[in-house]
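Participant: Compute the structure for the input listed below.
(one chain, ligands or ions: 1)
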Amino acid sequence: MFNKKYKKLIIASVATMAIFVAGCSSTGAKEEDPSSEAASIHEQLDYTITGIDAGAGVVAAAEQAVEDYGLDYTVQTSSGAAMTQALSDAIENEEPIIVTGWNPHWMFSQYDLKYLEDSKGSFGEAENINTIARLGLEADMPEAYQVLDNFYWDGADMENVMVQINEGGEPEEVAREWVDNNTDKVSVWTEGVASVDGQEINLAYVAWDTEIASTNVIGTVLSDLGYDVSLTQVENGPMWEAVASAQTDAIVAAWLPGTHGDHYENFKAEIDDLGPNLEGAAIGLVVPAYMDIDSIEDLIEE
Ligand code: PBE
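Facilitator: Below is the predicted model:
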């Protein structure tokens, strides 16, 4: 079992979300004059992009997009859980909403959503999620280092874990189940690695749904190997500082090259980059498919 003293998960609030996609067909509103409808969309949105925590790279990228496209919008910060709740509420009422989104994410299997096209590239290209160890981990804990280095899965694996957590599963229990049901994958990560006897290891993460999933899964694997695993929930900037200053042993939450590129540049001499644990991630502005806009340019006021 993990040492849970640091965990402050905020899953309960999203667990009760209604599945409400079925009734969301388009309305007669689309027959109106396009220019007046476009104006009303900005007003209905209150010139607001629903963001997540202020330290997230996707929030910084959304602010960059506001600048790049000359938008009259504000990026409202809150948390990942508050964002998905706002998205759920909007979809239930078939109201417009723009959120800072990313994938892998359970939201795409739960709702009919689309990314707004980003012709200026404010949100960058496809990304990898990398594993980063503190300097010295390889010498101090070669077994854990080996497993962390081997850790690699795909978007469908991660979404599988995310969906079950979103449906109300306790992250640690969902991770346990995934590890037990995917011994073919996990055995590749642990192949030839010797067990240890209760050495303490800490992983830091941010309470984004992707990182709750990945950190709990790799934590379970290390726990099975004999480690005394603790997971520490922090904000994004402090997570990078923690691994660079060896306050944590590793993170599996480095979105590169774009989303966390500034942090990476800042700390690259003080960290050990173990490469991707997942490829083909992305960030951007996400809206319900029933919305009549397709690109960030559509947010520019006529
Ligand atoms: N995210 C999920 C993070 C990285 C992982 C896209 C919300 C961010 O924006 O920093």
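Participant: I figured Pro96 hits Val287, correct?
Facilitator: Yes: counting by C-beta atoms under 8 Å, Val287 is a contact partner of Pro96 at 7.3 Å. Placement of C-beta: from N, CA and C, glycine included.
Participant: A helix includes Val252, no?
Facilitator: No: counting by DSSP: H, G, I helix; E, B strand; the rest coil, Val252 is not found in a helix; it is strand.
Participant: distance of Thr50 from Glu235?
Facilitator: 19 Å (C-beta to C-beta, to the nearest Å).
Participant: Give me the more crowded residue out of these two.
Facilitator: Per other C-beta atoms under 10 Å, whichever of Thr50 and Glu235 has more neighbours is Thr50, with 24 against 14.
Participant: Up against the ligand, what does the stretch 51-200 of the chain have?
Facilitator: Ile52, Ala56, Gly57, Val58, Trp102 (C-beta under 6 Å from any ligand atom).
Participant: Closest to Glu301 out of these?
Facilitator: Val58 (23.4 Å; C-beta to C-beta).
Participant: For His263, which three-state class applies?
Facilitator: Per three-state DSSP, His263 ends up helix.
Participant: do the lengthiest helix in the chain and the ligand meet at all?
Facilitator: Longest helix in the chain, counting residues (DSSP state H): helix 209-224. Yes: using C-beta under 6 Å from any ligand atom, we find that helix 209-224 touches the ligand at Thr210.
Participant: on that earlier part again, among the residues of the stretch 51-200 of the chain next to the ligand, which lie within strands?
Facilitator: Trp102 (DSSP state E).
Participant: and of the residues of the stretch 51-200 of the chain next to the ligand, the nearest to Ala82?
Facilitator: Once C-beta to C-beta is applied, the member of those that ends up nearest Ala82 is Ile52, at 7.7 Å.
Participant: right, and that closest one touches Ala60 too?
Facilitator: No: in this structure, Ile52 is not within contact of Ala60 by C-beta under 8 Å, at 11.0 Å.
Participant: These two: who's more crowded?
Facilitator: Legend: neighbour count by other C-beta under 10 Å for Ile52 and Ala60, higher for Ile52 (27 against 21).
Participant: residue contacts, that one?
Facilitator: Counting by C-beta atoms under 8 Å, 6 or more residues apart in numbering, Ile52 touches Val58, Val59, Thr77, Ser78, Ser79, Gly80, Ala82, Met83, Thr100, Trp208.
Participant: Show me which of those residues are buried.
Facilitator: Val58, Val59, Thr77, Ser79, Gly80, Ala82, Met83, Thr100, Trp208 (16 or more other C-beta atoms under 10 Å).
Participant: To what extent is the residue nearest to the fourth one when sequence neighbours are not counted buried, counted in neighbours?
Facilitator: Nearest residue to Ser79 in three dimensions, chain neighbours excluded: Asp53, at 5.4 Å (C-beta to C-beta, 6 or more residues apart in numbering). The number of residues packed near Asp53 is 20, by other C-beta under 10 Å.
Participant: Tell me who's in contact with Asp53.
Facilitator: Contacts of Asp53 by C-beta under 8 Å, 6+ apart are Val59, Thr77, Ser78, Ser79, Gly80, Val206, Ala207, Glu235, Asn236.
Participant: Let's see that with 7 Å instead.
Facilitator: Thr77, Ser79, Gly80, Glu235 (C-beta atoms under 7 Å, 6 or more residues apart in numbering).
Participant: possible to save those residues as a markdown table with pLDDT?
Facilitator: Shown next, in a markdown table, are the contacts of Asp53 (pLDDT from 0 to 100):
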| residue | pLDDT |
| --- | --- |
| Thr77 | 97 |
| Ser79 | 95 |
| Gly80 | 95 |
| Glu235 | 97 |
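Participant: Which one of the residues you listed is nearest to the ligand?
Facilitator: Gly80 (6.4 Å; C-beta to the nearest ligand atom).
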